[in-house]
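> Pasted the sequence and its predicted model underneath.
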Amino acid sequence: MCTDVEKAAGDYYITEFDVSWRPTRGLESRTLTTCLVMHETSPDLAMFNQVTRCAKFQVAKCQTCVKAGDTLLSLAQDYKTDWLQLWGANVNVGNPNKLVPPSENQEVITLGPTHVIDKPVTLALLAKRFRMTPDRILELNPDMAARISSPSEMVAVQTHVCLMPEICTVAGEDTFA
């Protein structure tokens, strides 16, 4: 949205920009940088220099933005989990079949709990402890995937880990025995 606002002193105008951005799915726990390059296009004011301003955005870990038409079932399919687990992590959701779009203040859905590592642990042991696979943990935590390449590697203390334990799909099935 752009609006011209008259500056209090002089005949200069300032253009204000409201910039909004919603991260796409798959960017969870990543830090992104964006830059705006601003310059005057009027030939009369060409003497003004170009200005660049950059900002870093930290995309929240273990959360996703709601899009129009999303349901807990559709989100569960996107994130390979069960809609009931998502509902349990989002007690504020009244109707799992009709999530409120961002324009109505329901912007974020929590995907699961976040665990803070309190002592060094291997990725394999962490995965076993939370009934997940090492690959699934790295998929949900791309910031960890940049530092850890094998299940035998240690996860550093104070690392925040997004968790979404595997779900048994057949009665009595236990793939993590």
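That came through fine. Being a predicted model, the structure only gives us computed values, none of them experimental. Residues are numbered from 1 along each chain as shown.
> So what's the residue count around the residue nearest to I167 when sequence neighbours are not counted?
Leaving aside its sequence neighbours, I167 sits nearest to D82 (C-beta to C-beta, 6 or more residues apart in numbering; 4.7 Å). For the C-beta atoms, the positions are set from N, CA and C on the backbone; glycine is no exception. By other C-beta atoms under 10 Å, 19 other residues sit near D82.
> same deal with A124?
Residues lying near A124 (other C-beta under 10 Å) number 15.
> SS state for the most centrally placed residue in the chain?
Nearest residue to the geometric centre of the chain (C-alpha atoms, centre = their mean): E28, 3.1 Å. Under DSSP: H, G, I helix; E, B strand; the rest coil, E28 falls in the coil class.
> shouldn't it be in contact with A60?
Yes - with contact defined as C-beta atoms under 8 Å, E28 reaches A60; the gap is 6.9 Å.
> which residues are common contacts for the two?
Shared contacts of E28 and A60 (C-beta atoms under 8 Å, 6 or more residues apart in numbering): none.
> how about D143, secondary structure?
The three-state assignment at D143 reads helix, by three-state DSSP.
> Make 720 the starting number, not 1.
Renumbered: residue one is now 720, and that last one reads D862.
> for the residue lying closest to it once chain neighbours are set aside, what are its contacts?
For D862, ignoring the flanking residues on the chain, the nearest one in space by C-beta to C-beta, 6+ apart is S748 at 4.7 Å. Contacts here follow C-beta under 8 Å, 6+ apart; on that basis S748 touches 778-781, 860-862, 881.
> which of those residues count as buried?
778-781, 860-862, 881 (16 or more other C-beta atoms under 10 Å).
> Out of these, the closest to A875 would be?
D862 (11.1 Å; C-beta to C-beta).
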